[in-house]
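Participant: output the structure for:
(2 chains)
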Amino acid sequence: MSSETELSVLEQLQKLRCEYAKKLPDVLTKLEHLSDSLGASVAQPEALQSLYQELHKLAGSAGSFGFDELSVKAREQELIVKKWLAGDPVAAAAAIDFGAAIRELRDYTTNAQQAPASDAPIGHTQVAHLAGSERNLIYLLEDDLDLAAELTMALTNFGYWVEHYVALADAEKAVNNIRPDFLIVDVMFSGEARTGPESIAALQKQAEVPLAVVFISARDDFDAYLAAVRAGAVGYFVKPLDIPQLVNCLESQLKLAQRSPYRVLIVDDDAMLASHYQAVLESAGMRVEVITDPRNVLDSMRRFHPELVLLDLNLPDCRGYEVAQLIRLNPDWLRVAIAYLSSESDEQAQANAVGYGGDDFLTKPISDLRLVSAVCVRAARSRQLSEAIDQDSLTGLLTHARIKDQVNIELQRAKRLGKPASVAMIDLDHFKKVNDTYGHAIGDRVIRALAQLLRQRLRQTDGIGRYGGEEFVVILPDCDTAAAKLILDDLRESFAAVTFSAKEATFNVTLSCGIASSGDGAVESLLEQADKALYRAKAAGRNRVCTVA
Amino acid sequence: MIANRPLNTILYVEDEPDIRAIVELALQTIGGFTLISCASGKEALAAAGTQIPDLIVLDVMMPEMDGPETLRQLRKMPSMAKIPAIFMTAKVQPDEIIEYRALGALDVIPKPFDPLGLAQRINDIWQQA
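Facilitator: All right, here's what the predicted structure looks like:
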């Protein structure tokens, strides 16, 4: 084997290990749930059998991926379960010890993740991100190990995949190998520091597309910010770190990158010209529909949901501003931007047209560049407005009315398809105390953090809304009670692990949750049932997830 | 070495995708063998109908059709009746090894295994058989 192929084998091996490592938290969560489900009576053959199989798989696979200790520990537990399966009587105390031992398995994943135990020949222990992974990848360049551990844990809780590097050279190698979604750099501004913004700027020069870099720093002055901007910073945070705020920054960047194309409807009876505009706007990444007969406008509005309508003023049978007024008669379309595009040069006529339901006037002939920029700006405003109407201003989640709609839509859909769906109602525990002790600004931060966690952890197809002050509603399509409970329990644990800081104090907040699923009764009453389950979770001592009894 | 033949093609059966990926790397990329990789006993039976391997490597614990049962079924095919087999398993109780040998297994490789040494190990078993 040449050294070149050897390297690639080692790299491939490393990638497989990393992919495996990424799955480990879920494997362990499953094991923990299985072990919890045994409760005090370990004599449930089905649960025992599943536990045995999971432990057996883990014992066999973990060591092959370099997690030797985990493998050994899993094997020990496997043998215990095997004895129980064989009919060995089990004392309740043994079951409790067993649960603790299962939880301890986690200790052997974090250690190994930093450095796989066996096969020392691998020169670098950086873990690689595989394409197609659902988690967003962050490289964290931080020489303060305590801070790195804290950040890694917090960001992992928010659903990110974090790889930590101490040396710039290693991070650089990793960036060249697999590009991360974010590079978080603890930046030092002293002359000889190797992780100055200049080094990052140099790294940026090598990248075809700039890296999304977030700086953390002790400095808060103009020059420090300027250096960060020149190194391509998308975020800059001053220590001590406000982690929810950092996550907020990452999230809004991701949202920008994932924007769907703007939808533009062109109404113009000059088909040639309209298709030219269409080509220009499409080449700028927008989705465009053209209609030459204004009578088709209602159909197109309903079907295509444009964010901007470009209207010619002189149309057959009617005037452009009449079409604008017609669109404005439908309250759902008030948020759609309307711009006239016409050769009308009379300023008074232009002003009149804008007065009748339009937002703006673009004069023909118009250059391609100007058309694109004008349309972009207006479509963006329209989308912002639309989001502001549908989304809660503090959290960006759906508003009370919209999440209720969403719950209904999804439950009806589930009924139609004969699939399950679950509704979860979540409420922060003792939230009033947080507000009273630390003030409303900190309280808002806690609410935003939960919103971010929900967004990060749940699927794109799940609906998430802020129902009231500290109350949230989630609709999980294609998810039965048991699956929903697993997901929400995991979320509950992650949220409890988030540490907030205020007035030099740190604190944690827990949540309670009630779940109702489509099997639990009529669609109309599920929100109510979830609410009752939530009430029971509160009554039973909070920080728990309850399902419909 | 079995009938003085070099080891070229291996029929490999494993239900866990992670393990399959790492064994593919170990045997194909590092070992240079041709691997017919199957995710279940059923898939292995279908693959055995079209290709004849030099060696069969099987995981023991698999849902639906486990490794020993897969081997029993494979053995019923005339072309597969005499192909040597190796089990890979985390179960290595002495009585189980006897059971596997009775099925005609050359050897049992315990899990976890060292991916970098796996090809060599299989080659050694092949040479000594």
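Participant: what's the single longest helix in chain B?
Facilitator: In chain B, with assignment by DSSP state H, the single longest helix is helix B:118-128.
Participant: in that one, what's buried?
Facilitator: By 16 or more other Cβ atoms under 10 Å in any protein chain shown, the buried positions in helix B:118-128 come out as B:118-119, B:121-123, B:125-126. Quick note: C-beta positions are derived from backbone N, CA and C, even for glycine.
Participant: make TSV out of these and add distance to chain A and pLDDT.
Facilitator: Formatted as TSV, the buried residues of helix B:118-128 follow (distance: Cβ to the nearest Cβ, whole Å; pLDDT from 0 to 100):
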residue	distance to chain A	pLDDT
B:L118	9	91
B:A119	11	89
B:R121	13	87
B:I122	14	92
B:N123	14	88
B:I125	18	88
B:W126	19	88
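Participant: which among those gets closest to B:A81?
Facilitator: Using Cβ to Cβ, B:W126 is the member of these that sits closest to B:A81, with 18.6 Å.
Participant: now do the SS call for the residue nearest the centre of chain B.
Facilitator: By Cα atoms, centre = their mean, chain B has its centre lying nearest to B:V57, at 0.3 Å. Under the three-state scheme (DSSP: H, G, I helix; E, B strand; the rest coil), B:V57 adopts strand.
Participant: can you check what pLDDT the model gives it?
Facilitator: With respect to pLDDT, B:V57 has a value of 95.
Participant: which bits of the stretch 1-150 of chain A sit near chain B?
Facilitator: A:1, A:9, A:12-13, A:16, A:19-20, A:23, A:53, A:56-57, A:59-65, A:68, A:71, A:75, A:78, A:118-119, A:121 (Cβ under 8 Å from any Cβ of the partner chain).
Participant: out of those, list just those in strands.
Facilitator: Judged by DSSP state E, the residues of the stretch 1-150 of chain A next to chain B include no members of strands.
Participant: selecting buried members of the residues you listed in PyMOL, what would you type?
Facilitator: Selection of buried members from the residues of the stretch 1-150 of chain A next to chain B for PyMOL, criterion 16+ other Cβ under 10 Å:
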select buried, chain A and resi 9+12+13+16+19+20+56+57+59+60+61+62+63+64+65+68+71+75+78+118+119
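Participant: save the buried residues of helix B:118-128 as JSON lines, and put in distance to A:T510 too.
Facilitator: Shown next, in JSON lines, are the buried residues of helix B:118-128 (distance: Cβ to Cβ, whole Å):
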{"residue": "B:L118", "distance to A:T510": "47"}
{"residue": "B:A119", "distance to A:T510": "51"}
{"residue": "B:R121", "distance to A:T510": "50"}
{"residue": "B:I122", "distance to A:T510": "52"}
{"residue": "B:N123", "distance to A:T510": "56"}
{"residue": "B:I125", "distance to A:T510": "55"}
{"residue": "B:W126", "distance to A:T510": "58"}
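Participant: out of the helices and strands in chain B, which is least certain?
Facilitator: helix B:94-102 (a mean of 75; mean pLDDT, DSSP states H and E).
Participant: need the contact partners of the next helix or strand after it.
Facilitator: Following helix B:94-102 in sequence order, the next helix or strand is strand B:105-110 (DSSP states H and E). If you take Cβ atoms under 8 Å, 6 or more residues apart in numbering or on different chains as the criterion, strand B:105-110 is touched by B:71, B:84-90, B:92, B:96-97, B:100, B:118, B:121-122, B:125-126, B:129.
Participant: filter those residues down to the buried ones, ChimeraX style.
Facilitator: Buried subset of the contacts of strand B:105-110, written as a ChimeraX selection, criterion 16+ other Cβ under 10 Å:
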select /B:71,84,85,86,87,88,89,90,97,100,118,121,122,125,126
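Participant: what sits against the closest residue to chain A within chain B?
Facilitator: Of chain B, the residue with the smallest distance to chain A, taken as Cβ to the nearest Cβ, is B:P112 at 2.5 Å. Counting by Cβ under 8 Å, 6+ apart, B:P112 touches A:59-65, A:68, A:71, B:90.
Participant: dump whichever strand or helix holds B:A46 to PDB, restricted to CA.
Facilitator: B:A46 is part of helix B:41-48, with elements assigned from DSSP H and E. Taking C-alpha atoms only, helix B:41-48 is exported to PDB below (Å, rounded to 0.1, in the frame of the first residue of the first chain):
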ATOM      1  CA  GLY B  41     -29.700 -13.500   4.800                       C
ATOM      2  CA  LYS B  42     -32.400 -13.100   2.200                       C
ATOM      3  CA  GLU B  43     -30.100 -10.800   0.200                       C
ATOM      4  CA  ALA B  44     -27.300 -13.300   0.500                       C
ATOM      5  CA  LEU B  45     -29.400 -16.100  -0.900                       C
ATOM      6  CA  ALA B  46     -30.300 -13.900  -3.800                       C
ATOM      7  CA  ALA B  47     -26.700 -12.900  -4.400                       C
ATOM      8  CA  ALA B  48     -25.500 -16.500  -4.200                       C
END
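Participant: now the angle from that helix to strand B:55-59?
Facilitator: 170 degrees (axes from the mean of the first three to the mean of the last three Cα atoms, to 10 degrees).
Participant: show residues contacting helix B:41-48.
Facilitator: B:11, B:13, B:36, B:38, B:56, B:58, B:62, B:64-67, B:69-70, B:73-74, B:77, B:79-80.
Participant: same question, stretch A:20-29
Facilitator: Contacts of stretch A:20-29 (Cβ under 8 Å, 6+ apart): A:54, A:58, A:61-62, A:65, A:67, A:70, A:102, A:105-106, A:109, A:112-113, A:127, A:133, A:135, A:161, A:486, A:490, B:18, B:22.
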